[in-house]
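A.B. asks: no sequence for this one, just the structure:
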């Protein structure tokens, strides 16, 4: 027997039954509205999500620093923001040229190997499928220089706008949350504020967990590849760490370039490279993930994969990368904004009223 049938049984008053039906229809309308917004607003939704994620991450780190040092939260957020910018700037200054040169060398190493694999397996059914769906990436290399420069300029402007917006959100999140709460009717504003706070905490812990996973995978893979004598260990490890942002698929996708480069050395090197990335997944999945998931929303694997499929269909690779935090926020919102209301119906018998 479903929850709706339990609450609309013969002993339930007609007004309450109508309330349940109205709540269900309202949920369907909300889901339909969200799907329509995802389709109409296109990339703006992802940009707003990135702004919220970065802003909440900076705010969370600032609050942690404020608790540790007893400084005001606003000053702590400023210290964290400046510190991260300085750290990233120093990393780009000292390691950026090497990373770019290694990525160029990686393209030169993997390019001929991919060409030979395409020539050998392109006529097979699965090879033809892979080439037809994923083999058009080289076309972008042949684009005119001005087109590439224009695209790069748009990306830089977008990154700057997103970073500035995230800093403003981190500095005063209550102001923006209050503005969003005002969009709800007065009777539901308290619950909307509570749901938003819980969604923000879920995003904070998800971002922290992904950051730890990415750093761990990058450090272990870079160290392991360097010890094995695999060429370009820094670029391969950094690429593997960045791709770990995408659950399930990202880390394995990051291992493919490393295995291909290792094959240029020897088959034994490729086997040991696979073992290095297997160690990365063991550390990530069995040591780090259980610790982080204690404080964050737990997404069932089926929900994660389904969200990646649906949101990826809307936004492509960007949607695939951000599907998990979107699913986490929606799960918290549905659980606390709708399911808990159904599981805890108001007392309508009069027995709980004060005498």
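C.D. replies: Looks like it arrived, so ask away. Source: prediction; values computed, not measured.
A.B. asks: Skip the chain neighbours and tell me the closest residue to residue 220.
C.D. replies: Distances taken as C-beta to C-beta, 6 or more residues apart in numbering place residue 280 nearest to residue 220, at 4.9 Å, with adjacent residues excluded. All C-beta spots, glycine's among them, are computed from the backbone N, C-alpha and C.
A.B. asks: List the contacts of the one you found.
C.D. replies: Contact analysis of residue 280 by C-beta atoms under 8 Å, 6 or more residues apart in numbering lists 216, 217, 220, 221, 240, 251.
A.B. asks: residue boundaries of the strands in the protein?
C.D. replies: Under the criterion DSSP state E, the chain contains no strands.
A.B. asks: per-residue confidence averaged over the longest helix along it?
C.D. replies: Ranked by number of residues, the top helix in the chain under DSSP state H is helix 73-121. On average, the pLDDT along helix 73-121 is 78.
A.B. asks: What ranges in the stretch 101-250 of the chain fall below the confidence cut-off?
C.D. replies: 109-111, 113-114, 116-155 (pLDDT under 70).
A.B. asks: In it, mark out all the helices, start to finish.
C.D. replies: 125-134, 145-171, 173-181, 189-228, 233-243, 249-263 (DSSP state H, counting those that start in this stretch).
A.B. asks: now the angle between helix 233-243 and the fourth one, please.
C.D. replies: Angle of helix 189-228 versus helix 233-243, following axes from the mean of the first three to the mean of the last three C-alpha atoms, to 10 degrees, is 160 degrees.
A.B. asks: one step back: ok, the contacts of residue 280 vs residue 156, which is closest?
C.D. replies: residue 240 (25.2 Å; C-beta to C-beta).
A.B. asks: neighbours around the closest one, how many?
C.D. replies: As a burial measure, residue 240 scores 28 neighbours (other C-beta atoms under 10 Å).
A.B. asks: Could you report the distance from the closest residue in space to it that isn't next to it in sequence to residue 326?
C.D. replies: Leaving out its chain neighbours, the residue that sits closest to residue 240 by C-beta to C-beta, 6+ apart is residue 254, at 3.2 Å. Relative to residue 326, residue 254 is positioned 22 Å away (C-beta to C-beta, to the nearest Å).
A.B. asks: if you count what's nearby, which of the two comes out ahead?
C.D. replies: The residue with more neighbours, out of residue 254 and residue 326, is residue 254; 26 against 21, by other C-beta under 10 Å.
A.B. asks: can you pull the pLDDT of the residue sitting nearest the centre point of the chain?
C.D. replies: In the chain, the residue lying closest to the centroid (C-alpha atoms, centre = their mean) is residue 322, at 3.8 Å. Per-residue pLDDT puts residue 322 at 81.
A.B. asks: Next, residue 71: phi, psi?
C.D. replies: phi -90, psi 160 (degrees, to the nearest 10).
A.B. asks: What distance do you get for it to residue 172?
C.D. replies: For residue 71 relative to residue 172 (C-beta to C-beta), the value is 17 Å.
A.B. asks: Same check on residue 181?
C.D. replies: On the measure of C-beta to C-beta, residue 181 and residue 172 end up 14 Å apart.
A.B. asks: Report how many residues lie close to residue 108.
C.D. replies: 9.
A.B. asks: go on, the one 4 residues further on?
C.D. replies: Taking other C-beta under 10 Å as the criterion, the count of residues near residue 112 is 10.
A.B. asks: Could you do residue 67 as well?
C.D. replies: 11.
A.B. asks: try residue 301
C.D. replies: Residue 301 - counted by other C-beta under 10 Å - has 9 other residues nearby.
A.B. asks: Let me see the confidence value for it.
C.D. replies: On the pLDDT scale, residue 301 gets 71.
A.B. asks: Equivalent analysis for the one 10 residues further on, please.
C.D. replies: Per-residue pLDDT puts residue 311 at 77.
A.B. asks: which residues touch it?
C.D. replies: Here residue 311 is in contact with 38, 319, 320, 322, 323, 326, 327 (C-beta under 8 Å, 6+ apart).
A.B. asks: hmm, which two among those residues are most spread apart?
C.D. replies: 38 and 320 (13.9 Å).
A.B. asks: These two: who's more crowded?
C.D. replies: Using other C-beta under 10 Å as the criterion, residue 38 and residue 320 rank with residue 320 on top: 20 against 17.
A.B. asks: Leaving out chain neighbours, which residue sits closest to the more buried one?
C.D. replies: residue 312 (3.9 Å).
A.B. asks: check contacts around the one you found.
C.D. replies: Neighbours of residue 312 in contact, by C-beta under 8 Å, 6+ apart: 319, 320, 323.
A.B. asks: In contact with the spatially closest residue to residue 73 that is not a sequence neighbour, which residues?
C.D. replies: Distances taken as C-beta to C-beta, 6+ apart place residue 66 nearest to residue 73, at 4.6 Å, with adjacent residues excluded. Residues in contact with residue 66 (C-beta under 8 Å, 6+ apart) are 72, 73, 75, 76.
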